[in-house]
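K.L.:
Sharing a model that was predicted from the sequence below.
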Amino acid sequence: MDLQEIVEHCAKRLRSRREKWLRILKTLFLIEHILKTGNIRFIDSIKGEEYRLKSLQTFSYIDENRADKGESSKIYNIIIIIININYIIIIKIILL
């Protein structure tokens with residue numbers, strides 16, 4: 001899988017219905033992991049989904065047991081990473 005395929009797959013999963021909250025959450029974990037440890041080009045590629053990520057900041061899904069399945073803190077972390085791209089680039093260069 002190349003970078004563009006991964007970004008397209010993540011974008012597709014972020015557009016899932018709210019009932020598929022676990023799929024969205026797993027995608028957020030994947031995005032956060034790649035942003036922190038992966039290729040810097042991924043940040044530029046995923047920036048196209050910044051609007052969708054921001055809309056998920058208020059994500060809330062209440063299941064049949066009345067349990068809230070929102071994960072706004074994970075989304076907040078991802079957006080901070082995307083916004084602070086220069087900081088991430090400097091950290092990655094230092095760690096190399």
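P.N.:
Alright, I've got the coordinates.
K.L.:
okay, the longest helix seen in the chain in PDB with CA atoms only?
P.N.:
As assigned by DSSP state H, the longest helix anywhere in the chain is helix 21-37. Extracted in PDB, the C-alpha atoms of helix 21-37 (Å, rounded to 0.1, in the frame of the first residue of the first chain):
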ATOM      1  CA  TRP A  21     -18.100   4.600  15.600                       C
ATOM      2  CA  LEU A  22     -15.600   1.900  16.200                       C
ATOM      3  CA  ARG A  23     -14.400   2.100  12.600                       C
ATOM      4  CA  ILE A  24     -14.000   5.800  12.900                       C
ATOM      5  CA  LEU A  25     -12.100   5.500  16.200                       C
ATOM      6  CA  LYS A  26      -9.700   2.900  14.800                       C
ATOM      7  CA  THR A  27      -9.100   5.200  11.900                       C
ATOM      8  CA  LEU A  28      -8.300   8.000  14.200                       C
ATOM      9  CA  PHE A  29      -5.800   5.800  16.100                       C
ATOM     10  CA  LEU A  30      -4.100   4.900  12.800                       C
ATOM     11  CA  ILE A  31      -3.900   8.500  11.700                       C
ATOM     12  CA  GLU A  32      -2.500   9.600  15.000                       C
ATOM     13  CA  HIS A  33       0.100   6.800  14.900                       C
ATOM     14  CA  ILE A  34       1.200   7.600  11.300                       C
ATOM     15  CA  LEU A  35       1.400  11.300  12.100                       C
ATOM     16  CA  LYS A  36       3.700  10.700  15.000                       C
ATOM     17  CA  THR A  37       5.900   8.000  13.500                       C
END
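K.L.:
Now the element after that helix, going C-ward?
P.N.:
helix 41-46 (DSSP states H and E).
K.L.:
Which strands or helices does the longest helix of the chain pack on?
P.N.:
helix 3-14, helix 41-46, helix 72-83 (3 or more CB pairs under 8 Å, 6 or more residues apart in numbering; DSSP states H and E). To be clear about C-beta, it is placed using only N, CA and C from the backbone, and glycine gets the same treatment.
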